[in-house]
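Novice: What follows is a predicted structure for the sequence shown.
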Amino acid sequence: MKPYPLLVALVLTAPVAQAADLSARLERSQLSENETLELILETTDPAQFGKPDLAPLDQDFKVLGVRQNSLPPGERVTTRWNVTLQPKTSGALTIPALTLDGARSQPLSVTVAAPSAKRHSREPVYLEAAVDKPRLYVQAETILTIRLYHAVALYDDHVLTPPNPSDARVDLLGTPQVYERDVDGVRHGVIEWRYAIHPLQSGAVVLPPQTFSATLAGGIDDSSRAGQPIQLRTPPLTLDVQPQPASYPAQTPWVPARSLSLTQQWNPAPDSAREGSALTRTLQVRAEGLAPSQLPPLVLPEVEGIKRYAEQPRLTTQTQARGLVGLREERIALIPTSTGDKALPPVEVVWWNTETDTLERATLPAQTLAVAEDPALQSAKVAPQGKASPVASGLWRWQLATAFLALTTLLGFGLWWRARRQPAVLPTVPDVDSRLQREELRRACQSNDPHATRHALDAWARQQPETLAAMGARFEPLAAALDDLNGALYSEAGQRWQGETLWQAINALPPLTPEAIHDKLPPLYPR
């Protein structure tokens, strides 16, 4: 009886231990010593009414302010604290783990740059613009940073014209960052814009000035400047763009990136390859410093004994503090048409590392698919018939001739009688090719690709005893599914078309009876 009180105590305290949590994240992880940053703390514990212990921050940071608020209720109630910090020194600093009634946040790293020795004039508002790599390769990435410093308040009508060079691609990296910075002893608000620039041709590429327009809400010494419109311009910047190196392989797409990786996934696993069953191979290229449109398509040679159906590549862009991250994903359906070992050649992407200024290759090694027989397909194959047994040696020749004549006469009469009662065209029996085409149709429907589905549907219908129109005429769900498919092929709704309805209609299609065929087709010998 003694263990029961301890068990009850453990049960009562377990939910509390699971509910206690404290997450931490930073608005940005790189700043200067005179700038400020936001530390965001969150908890989803509904029974939490305390405040985090901020004392460990005093070693390297000044706590300038704390704002607490509760997020709108959703699945869980969330309480958030926004802590404004200013670093006391430069270098690599660590925001230590903070506690809240037993819950601990994860430590975070911050890089604080030393303040610039350059002194600015005491203008209340001014602009700065700089690129991190003024000399780079064509199509490579450099980051343009524009900062607005203002020692006076501004109205919310401020506008910065984006850079628009005619011979470079420009992408805004996230939303503008807002923070504070001490300049010559004067506290300035800072608005920072970051752009990824990819020059499209070699030579001198000029980034034209950007114009900032705003309205002052007050002045430093004279409040009469309130309401005064201002307009500032950044200086023009020139990029020294180098052509691709001579050592880069000829006739190979030029891919300059900070880093590049090539990965693949299989569904199902490649060791479960079966004749006539589809496998989906997903290849993904991830490149830092490039837009996804700059990534070349993967070269995949044809493999004998495997049918291949590729979907449209998926291009995705991610933005990070260092620049763009381009993702290119290619999905290919592979259907083995015979058994045995199928050698898939290696997949390779040649690229230039702009960090080390060297040629590199991302490679997936060659792979062998051991394709086994599919029992379902083997049962559909018609086994070859054996040779007829030899005629008994004692049978006389005239008896054999008489029997042969009688059999052929009876067979001809039977065929004539059957032809009068049967249609001119008999329903076909699905063979191995028909089974493969049905499997391809299923894969196309499940991939929700209307064009591939239409191609596979036509190939499957040619193996059927009636046309698609005839099938739709006698089965309403199939007719509706075909109308949806045709509408998706010739409208923008094709990107949202779902093929499951069509596949279900095909599976539910009633079989065509011999009587129905006889009614639809004319007799062999019309009267």
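Specialist: Received, thanks.

Novice: Tell me how the chain divides into domains.
Specialist: 3-113, 125-242, 256-375, 432-520 (automatic domain parsing).

Novice: what's the average pLDDT for the second one?
Specialist: Averaging pLDDT along domain 125-242 yields 89.

Novice: Columns mean neighbour count and distance to L415 on top of the domains of the chain, output as a markdown table?
Specialist: The way it works is simple: take the backbone N, C-alpha and C, and place the C-beta from them, glycine included. Formatted as a markdown table, the entries for the domains of the chain read as follows, by neighbours: other C-beta atoms under 10 Å; distance: least, C-beta to C-beta, whole Å:
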| stretch | mean neighbour count | distance to L415 |
| --- | --- | --- |
| domain 3-113 | 15 | 73 |
| domain 125-242 | 16 | 73 |
| domain 256-375 | 16 | 35 |
| domain 432-520 | 16 | 17 |
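
Novice: of all the ones you listed, which lies closest to L411?
Specialist: domain 432-520 (21.4 Å; C-beta to C-beta).

Novice: Just send the domains of the chain back as TSV, with distance to Y248 too.
Specialist: Shown next, in TSV, are these (distance: least, C-beta to C-beta, whole Å):
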stretch	distance to Y248
domain 3-113	32
domain 125-242	10
domain 256-375	6
domain 432-520	36
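
Novice: Confidence-wise, which of those domains is weakest overall?
Specialist: Across the domains of the chain, domain 3-113 gives the lowest mean pLDDT, at a mean of 75.

Novice: mind checking which of the domains of the chain is nearest A401?
Specialist: Across the domains of the chain, the minimum distance to A401, taken as C-beta to C-beta, is reached by domain 432-520, at 37.0 Å.

Novice: coming back round to it: looking at the domains of the chain, which is nearest to A250?
Specialist: domain 256-375 (11.0 Å).

Novice: how far does that closest one stretch from start to finish?
Specialist: For domain 256-375, the separation between the terminal residues is 49 Å (C-alpha to C-alpha, to the nearest Å).

Novice: Show me how far that domain is from its chain's centre.
Specialist: A distance of 13 Å separates the centroid of the chain from that of domain 256-375, by C-alpha atoms, centre = their mean, to the nearest Å.

Novice: what is S32 paired to in the beta sheet?
Specialist: Beta-bridge partners of S32, counted by DSSP bridges, are A113.

Novice: what's the distance between it and T175?
Specialist: S32 is 20 Å from T175, where distance means C-beta to C-beta, to the nearest Å.

Novice: G414 now?
Specialist: In this structure, G414 and T175 are separated by 84 Å, where distance is defined by C-beta to C-beta.

Novice: With E128 instead?
Specialist: Separation of E128 from T175 (C-beta to C-beta) stands at 19 Å.

Novice: longest helix anywhere in the chain?
Specialist: Determined from DSSP state H, the single longest helix within the chain is helix 397-421.

Novice: Now the closest residue to E128 other than its chain neighbours: which helix or strand?
Specialist: The shortest distance from E128 to any residue that is not its chain neighbour, by C-beta to C-beta, 6 or more residues apart in numbering, is 4.6 Å, and that residue is R147. Counting by DSSP states H and E, the element that carries R147 is strand 142-150.

Novice: Then S109?
Specialist: With secondary structure defined by DSSP H and E, S109 is part of strand 108-113.

Novice: Determine how far that strand lies from the middle of the whole chain.
Specialist: Strand 108-113 has its C-alpha centroid displaced from the chain centroid by 31 Å (C-alpha atoms, centre = their mean).

Novice: List of residues touching it?
Specialist: Contacts of strand 108-113 with the rest of the structure, by C-beta atoms under 8 Å, 6 or more residues apart in numbering, involve 24-26, 29-33, 37, 39, 87, 89-95.

Novice: How about stretch 247-259?
Specialist: Counting contacts by C-beta under 8 Å, 6+ apart, the residues outside stretch 247-259 that touch it are 137-141, 244, 287-290, 294-296, 322-323, 349-355, 359.

Novice: Just the terminal-to-terminal distance for that stretch.
Specialist: 19 Å.

Novice: for that stretch, the distance to its chain's centre please.
Specialist: Chain-centre distance of stretch 247-259: 23 Å, with C-alpha atoms, centre = their mean.

Novice: Okay, G276 and Q367: tell me how far apart.
Specialist: Distance from G276 to Q367, counting by C-beta to C-beta: 20 Å.

Novice: Oops, could you answer that again for P477 instead?
Specialist: With distances taken as C-beta to C-beta, P477 is found 41 Å from Q367.

Novice: Ramachandran angles for the residue lying closest to D21 once chain neighbours are set aside?
Specialist: Excluding its sequence neighbours, the residue lying closest to D21 (C-beta to C-beta, 6+ apart) is A103, at 5.5 Å. Listed backbone geometry of A103 is phi -80, psi 140, with angles given as degrees, to the nearest 10.

Novice: Then R454?
Specialist: The phi and psi torsions at R454 (degrees, to the nearest 10) take the values phi -60, psi -40.

Novice: give me every residue that touches it.
Specialist: With contact set as C-beta under 8 Å, 6+ apart, R454 has these partners: 485, 489.

Novice: Tell me the spacing between it and L468.
Specialist: Applying C-beta to C-beta, one obtains 10 Å for the distance of R454 from L468.

Novice: Show me the beta-bridge partners of V285.
Specialist: Each beta-bridge partner of V285 is listed here, defined by DSSP bridges: L262, R328.

Novice: how about P236, what does it touch?
Specialist: So, once contact is read as C-beta under 8 Å, 6+ apart, P236 ends up touching 206-209.

Novice: go again using 10 Å as the cut-off
Specialist: 129, 206-210 (C-beta atoms under 10 Å, 6 or more residues apart in numbering).

Novice: E288 too?
Specialist: With contacts defined as C-beta under 10 Å, 6+ apart, E288 is in contact with 141, 257-261, 318, 320, 322-326, 354-355.

Novice: Just to be sure, which of those are found in strands?
Specialist: In this view, these that belong to strands under DSSP state E are 257, 259-261, 318, 320, 323-326.

Novice: Report the two of those residues separated the most.
Specialist: With C-beta to C-beta as the measure, no two of the ones in strands among the contacts of E288 lie farther apart than S261 and G323, at 16.0 Å.

Novice: who's the nearest residue to L279 once chain neighbours are set aside bridged to?
Specialist: If you skip the residues right next to it in sequence, L279 has L334 as its closest partner in space, 4.9 Å away by C-beta to C-beta, 6+ apart. Under the criterion DSSP bridges, L334 forms beta bridges with L279, R308.

Novice: Tell me who's in contact with L334.
Specialist: Going by C-beta under 10 Å, 6+ apart, L334 touches 266, 270, 273, 277-281, 300, 303, 306-310, 342, 344, 369, 371.

Novice: measure it to E373 for me?
Specialist: Look at L334 and E373: by C-beta to C-beta, they are 17 Å apart.

Novice: W351 now?
Specialist: Relative to E373, and taking C-beta to C-beta, W351 is found at 41 Å.

Novice: Kindly report the same for E141.
Specialist: 51 Å.

Novice: right, and the residue nearest to E128 touches Q210 too?
Specialist: No: in this structure R147 lies outside contact range of Q210 using C-beta atoms under 10 Å: 11.5 Å.

Novice: Can you work out which residues contact both of these two?
Specialist: Both R147 and Q210 are in contact with 127, 129, 193, 234, where contact means C-beta under 10 Å, 6+ apart.

Novice: Just put these in TSV and tack on secondary structure and distance to R496.
Specialist: Listed next are the shared contacts of R147 and Q210 as TSV, based on DSSP: H, G, I helix; E, B strand; the rest coil; distance: C-beta to C-beta, whole Å:
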residue	secondary structure	distance to R496
L127	strand	45
A129	strand	43
W193	strand	35
T234	coil	43
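
Novice: of those, closest to T79?
Specialist: If you rank those by distance to T79 using C-beta to C-beta, W193 comes first, at 31.9 Å.
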